[in-house]
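> Coordinates for the following, if possible.
(one chain, ligands or ions: 1)
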Amino acid sequence: GAFPYVIPYTNITYEDVENFYNTKSNKSRLAMRQISFASNIEFENIPYKYENGMWSPIGVTSAQRTAILVPLQDRDYNAKAFLLNMHAFARRQLLTYLIVIIEQVYPINSRFNKGRLYNAGVRYIQQNQQKLNITCFILHDVDLIPENDGNFYTCESKHPKHTTLRIRKLNSTSDYSRFYEFLIGGALILTFDMYKRVNGFSNLFWGWGGEDDDLSLRFIQRRACVVRPSYELANYIALPHSNGRSNNARFKLLTWSTVRLDTDGYNKIDSMIRIVHILNTSTVLHLKIDVDANHIY
Ligand code: NGS
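Numbering: from 1, shown residues only. Reported below is the predicted structural model:
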């Protein structure tokens, strides 16, 4: 299977990732990781160009222009391993894409607000649409690496697509975990229209857990059907990490989720966050975010 080919390095720098993708050597291990999909494609042999910060193959037209959005707090080691693996995956699928890391850097010591980070990332893309022309969004956990090249990171339909169906810990011999039907966390692929239709994520979830379930309730409320690939194509490796603090209010918040849809979400993000730093390299667009711009120190 694909398992041995996931590259788990945690001791690399962002620059190492950059060098890896910009030199011709040392790429064979990642190229090997082709299983079911387009076995004649090795990502380092694809003629490509960078345009407006996006990688694209030359000679084929990708189905979409894709933004892979990755919220982050305190887990650089996962982010670098993610980049190393995800670029090879995206290139073998001949995507036209960019990876956006949306990192929570302020307020200091605040709990992770993944909802605000996603809303901020989507908002940033929308504000730069003239240049980027993104047509498909991938909302992706930083610790999950797809194992199957046939797990297409594309918006095939109007429906949101949830792809993290089976997850196994790196180096674990135990079987994959499967989750509840309602789960949409992990990796979710959708168009901007769909994101906007549910007013994005709630901004109220501080700490681990529940913000994805809240989004799931929004889809139900808007009668949006979530689709999934078949199980054998939706296997993931979970990279190791320390756990962040959880959200003790999450169950209470979920009880009145549907009431908030129109007032709490993407439409309110501008007044809540501030982009404090933008770093642009050929392997990542790294946004550093203050998720509580009205916070008083
Ligand atoms: C549920 C959480 C979700 C989370 C899912 C999977 O319990 O946010 O577990 O988590 N919901 C609540 O806490 C209400 S995982 O096992 O992948 O860490 O996505």
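> Give me the pLDDT for the residue of the stretch 51-200 of the chain found nearest the ligand.
Going by CB to the nearest ligand atom, the ligand is nearest to G185 of the stretch 51-200 of the chain, at 3.3 Å. The way it works is simple: take the backbone N, C-alpha and C, and place the C-beta from them, glycine included. In this model, G185 is scored at 97, pLDDT.
> quick one: T258 and L215 touch, right?
No. The pair T258 and L215 does not pass the contact test of CB atoms under 8 Å, sitting 11.7 Å apart.
> Find residues that contact each of those two.
Here T258 and L215 have no joint contacts, going by CB atoms under 8 Å, 6 or more residues apart in numbering.
> Tell me which other helices or strands the top helix by length along the chain touches.
Ranked by number of residues, the top helix in the chain under DSSP state H is helix 76-92. Using 3 or more CB pairs under 8 Å, 6 or more residues apart in numbering; DSSP states H and E as the contact definition, the elements that helix 76-92 packs against are helix 14-22, helix 28-31, strand 54-57, strand 65-72, strand 96-106, strand 144-146.
> want to throw those into TSV with mean pLDDT, distance to the ligand and mean neighbour count?
Listed next are these as TSV, based on pLDDT from 0 to 100; distance: least, CB to the nearest ligand atom, whole Å; neighbours: other CB atoms under 10 Å:
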stretch	mean pLDDT	distance to the ligand	mean neighbour count
helix 14-22	84	25	16
helix 28-31	49	25	15
strand 54-57	95	29	20
strand 65-72	98	13	24
strand 96-106	98	17	23
strand 144-146	94	9	24
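> got the residues of the stretch 101-250 of the chain near the ligand?
Residues of the stretch 101-250 of the chain lying near the ligand by CB under 6 Å from any ligand atom: L183, G185, G209, G210, D212, D213, R250.
> Check which helix or strand the residue lying closest to K161 once chain neighbours are set aside maps to.
Nearest residue to K161, sequence neighbours excluded (CB to CB, 6 or more residues apart in numbering): I189, at 4.4 Å. Per DSSP states H and E: I189 is located in strand 187-190.
> Give me the residues contacting that strand.
With CB under 8 Å, 6+ apart, strand 187-190 has contacts from 136-141, 144, 146, 153-155, 159-164, 212, 215, 236.
> neighbouring strands for it, and are they parallel or not?
Sheet partners assigned to strand 187-190 using DSSP bridges are listed as strand 136-140 (antiparallel), strand 161-162 (antiparallel).
> Of all those, which one is nearest G59?
If you check each of the strands paired with strand 187-190 against G59 by CB to CB, strand 136-140 wins as the nearest, at 20.5 Å.
> Check the offset of the closest one from the chain's centre.
Taking CA atoms, centre = their mean, to the nearest Å, one finds strand 136-140 lying 5 Å from the centre of the chain it belongs to.
> Just the C-alpha atoms of stretch 268-286, please, in CSV.
Taking Å, rounded to 0.1, in the frame of the first residue of the first chain, the C-alpha atoms of stretch 268-286 are listed here in CSV:
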residue,chain,number,x,y,z
LYS,A,268,-18.7,38.9,9.8
ILE,A,269,-15.0,38.0,9.4
ASP,A,270,-13.7,41.4,8.3
SER,A,271,-14.3,43.0,11.6
MET,A,272,-12.9,40.2,13.6
ILE,A,273,-9.5,39.4,12.2
ARG,A,274,-6.4,41.1,10.9
ILE,A,275,-3.7,39.7,8.7
VAL,A,276,-0.5,40.6,10.4
HIS,A,277,2.0,39.0,7.9
ILE,A,278,2.0,37.6,4.4
LEU,A,279,4.8,35.4,3.2
ASN,A,280,4.8,34.1,-0.3
THR,A,281,7.2,31.4,-1.6
SER,A,282,6.8,28.9,-4.4
THR,A,283,5.6,26.2,-2.0
VAL,A,284,3.3,28.2,0.3
LEU,A,285,1.3,31.3,0.8
HIS,A,286,1.6,31.8,4.5
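> Since that was my last question, I'll sign off now.
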